[in-house]
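Q: Below: sequence and its predicted model.
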Amino acid sequence: MAIHLSRREFFEMTAAGTVAIGSRQPRPVSLLDAWRLSPAASAGGGAFTAQSVAAGWYDQPMRWVQLTLVENDPGTFDPDFWLDYFRRLHADAATLSAGGIVAYYPTEIPLHHRSAWLGNSDPFGTLLAGCRRMNMRVVARTDPHAVRDDVRAAHPDWISVAADGQPRRHWANPELWVACALGPYNFEFMDQVHREIETKYRVDGIFSNRWAPQGGDCYCVHCQQNFKAAAGFDLPRTTDRRDPARRAFTAWRKARLTELWKKWDATVRSVNPDASFIPNGPPDMKTAGELAAIQFTDNQARRGVTPPWNNGRRAKELRSVMGRRPIGGIFSVGLEEPYRWKDSVQSEPEIRLWVAEGTANGMRPWVTKFSGVLYDRRWLPVVERIYDWHYRHERYLRNEAPLARVGLLYSEQTQAEHPGVAQGDRAEDHVLGFYHALVESRIPFELVHEAYLTPDRLDRFKLLVLADAAALSDAQCAAIRDYVSRGGSLVATFASSLYDETGRRREDFGLADVFGVSFGGRIDGPMQNSYLSLDADAATGKRHPVLEGFDDTPRIINGVFRVEVKPKVDFPSPVTLIPTYPDLPMEDVYPRVAHTTTRELYLREMRPALSERSESKGARVAYIPWDIDRTFWDVMGVDHLRLLRNVIAWAANEPAPAIVEGPGIIDVTVWRQKDSMTVHLVNLTNPMMMKGPLREVIPVGAQRVRITLPEGTRARKVQLLTAGASPAVQTAGRVVTLTVPSVDVHEVIAIDLQGA
Ligand SMILES: [Zn+2]
């Protein structure tokens, strides 16, 4: 277990100048096979094998810490204090400042700036040795984004150059210069630094902060020459994404960063095959999915108007490319606002909720702190309590797979290539609105990345959602079409598939045959004062199930933008358009057209013959031609939420793996571990839900929970991890029902499973 080092031992090691490396007992490294969903867990799902766990140490650590030293820390800060704190946190991996802007070890590399306070000390080596005595993994942190005058004097070409041809001073500290990220400074100088750190200390990895271009595009001689040689263009002077040089530059920048990642990784591995380079932020998510053994989200806290689920969303984004491989969430203990109070301390409820959202969504916590000298210590016991809870319940947090049955498409290319159909329509707002609606509806869901639309990724979901996934390639459309033909259901909104992967508009939807409608050639909006008529079926006089809960009204508000479409097959007609009419003067506010036959919701049940899965209920497809998700994000209308919830329920056509009923807004996630399953309830109910920081924790009352166990299993033991209680449980077949009396921030229902 953890060993506490005395201060004297540190000084002795420091005096010796180097750190004993060979003495560490390496932990057994298990080569984990790709985890396959057991038949039990795959009620209609497939294998989750696309991204297996990488060999090596990466899946071992559950709790990370990061200490980022400041230049005057050496000789001032107390390493013993930090090591003792790491021990109390039960941290099993640390990221420690080593080099780059400032070297915290006695570097031999010319121009690698040793801390002016370093003297003969080696604070990096001291902390590293202490961590190793506690059997922790250690990743060295470098930051290559800025340099001093001496570097600029020796290598003026290493400095980033602005569009006006001037070398780029650091925006926050004018004594520094911004280094060019894509030239010899990173490819040669920092490569040497990484080799030296790995050689001297044999760390488990090297993690670089701000390793991509900083402060704007670089126009240095190297970037000019390299881009010209690679793409044949001069560097773009416009940010217009349609400009061929800009398009080529975007691709080149990504390729160059990928090359840099591979180069640094090869250097690290050439010294220590068990180590690797870990970038803070990949060039893009697809590349992370291809290269990374482990990744972290650097989304340290809320800022501005941000819902707390945004931390869980980052976890879902990363998992959409990383699959089963470990992901971590870097969180700070301070305020993360544009004013950059790096030494600040955040409220306890806010820190707890932010970390809980990450943990509930499968992320391992990584607390980061700047400065070895502390001014405000209020955060220390807060993080200790969070980590202690995590440590005690670790076996229920080692997730093997999410059991969510709804997937929301995560389209990076739509975000990059499709700015929206008009001013006021932002592609991302559709996704945020749908995300919020899923959270409010308490539906467990995952994100599905557009680069990984393979059957083994898709078929674990009963329902795929396209929230204005506008920019899709033909191949991506084909993958979605095939998913539907295999019995998968689809809910799509607005301009989904109306554009190709480069953002060019198609003649018709790429998925027109799946939606059963064609593009009518026009997108209306922004519309004022338009409504939706809720209609009964002409033959039966009954309303469709998607209108459940609207019995007391003939109409609800419409959205703001709508795509004109032409139906190609027969559809029911539960929701029709009431066109815009004047909203002023008040005397003129009456509908000019009371009712139309223009459908604003297209519901389609695919015949089972289309389905290859004979046991499947068959696919249901719902296409909503207006911006219900974007408008919901904008105005948060309860009728839009209800309609979305009903459409999701109709399309999914099966009960969710966990159904949680009770007051409040709760993010529900459901997981499988090796011998157990968990249902996480994160209580978002708070007047500061959409704009932090939380003032207080406001517990939410009793939640009635209905959980469907994986096939072939039964519950051996049911616990509430936070309450520390064993609730009364009713069991009927595979369905377990219980009541969670209260949730303050985060409760976990943990069910030990055994074969039936
Ligand atoms: Zn450059």
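A: Looks like it came in fine. Numbers count the residues shown, from 1 in each chain.

Q: Would you mind listing what in the chain touches the ion?
A: With CB under 5 Å from the ion as the criterion, the chain comes near the ion at residues Cys180, Gly183, Cys218, Cys220, Cys223. No exception for glycine: its C-beta is placed from N, CA and C like everyone else's.

Q: Surely the third one and Ala181 touch.
A: Yes: in this structure Cys218 lies within contact range of Ala181 using CB atoms under 8 Å: 7.2 Å.

Q: list the residues that contact both of these two?
A: Counting by CB atoms under 8 Å, 6 or more residues apart in numbering, the shared contacts of Cys218 and Ala181 are Ser160.

Q: how about the residue of the stretch 351-500 of the chain found nearest the ion, what does it touch?
A: Residue nearest to the ion within the stretch 351-500 of the chain (CB to the ion): Ala416, separated by 22.0 Å. Contact analysis of Ala416 by CB under 8 Å, 6+ apart lists Arg241, Thr250.

Q: Assign a three-state SS to it, would you?
A: Classification of Ala416 using DSSP: H, G, I helix; E, B strand; the rest coil returns helix.

Q: any idea how far it is from Ile666?
A: 33 Å (CB to CB, to the nearest Å).

Q: Check Phe296 too.
A: 26 Å.

Q: contacting residues around Ile628?
A: Neighbour list for Ile628: Gly433, Thr493, Gly559, His640, Leu643, Leu644 [criterion: CB under 8 Å, 6+ apart].

Q: for those residues, which one is nearest Arg630?
A: Nearest to Arg630 among the contacts of Ile628 is Gly433, at 5.6 Å by CB to CB.

Q: That closest one - that's part of a helix, no?
A: Yes: under three-state DSSP, Gly433 falls within a helix.

Q: picking that back up, now the buried members of the contacts of Ile628.
A: Gly433, Thr493, Gly559, His640, Leu643, Leu644 (16 or more other CB atoms under 10 Å).

Q: Now intersect those with the strands, please.
A: Using DSSP state E, Thr493 are the members of the buried ones among the contacts of Ile628 that sit in strands.

Q: would you list the buried ones among the contacts of Ile628 in JSON lines and tack on pLDDT and distance to Pro61?
A: Formatted as JSON lines, these follow (pLDDT from 0 to 100; distance: CB to CB, whole Å):
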{"residue": "Gly433", "pLDDT": "98", "distance to Pro61": "36"}
{"residue": "Thr493", "pLDDT": "98", "distance to Pro61": "40"}
{"residue": "Gly559", "pLDDT": "98", "distance to Pro61": "45"}
{"residue": "His640", "pLDDT": "98", "distance to Pro61": "42"}
{"residue": "Leu643", "pLDDT": "98", "distance to Pro61": "44"}
{"residue": "Leu644", "pLDDT": "98", "distance to Pro61": "39"}
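
Q: Val193: what's its closest spatial neighbour, skipping adjacent residues?
A: Gly99 (5.0 Å; CB to CB, 6 or more residues apart in numbering).

Q: Sorry, wrong one. I was asking about Asn683.
A: Val743 (4.3 Å).

Q: Specify the beta-bridge partners of that neighbour.
A: Counting by DSSP bridges, Val743 forms beta bridges with Val700.

Q: Now do the helices in the stretch 501-650 of the chain.
A: Listed in chain order, the helices found in the stretch 501-650 of the chain under DSSP state H, counting those that start in this stretch are 512-515, 628-635, 638-652.

Q: what sits against the residue in the stretch 251-400 of the chain positioned nearest to the ion?
A: Closest approach between the stretch 251-400 of the chain and the ion, counting by CB to the ion: Arg256, at 9.7 Å. Neighbour list for Arg256: Leu182, Asn226 [criterion: CB under 8 Å, 6+ apart].

Q: Quick check: it vs His222, distance?
A: Arg256 is 10 Å from His222, by CB to CB.

Q: Which residue is most remote from the mean position of the chain?
A: Distance from the C-alpha centroid of the chain peaks at Glu587, with 49.5 Å (CA atoms, centre = their mean).

Q: Just the terminal-to-terminal distance for stretch 678-690.
A: End-to-end distance for stretch 678-690, by CA to CA, to the nearest Å: 27 Å.
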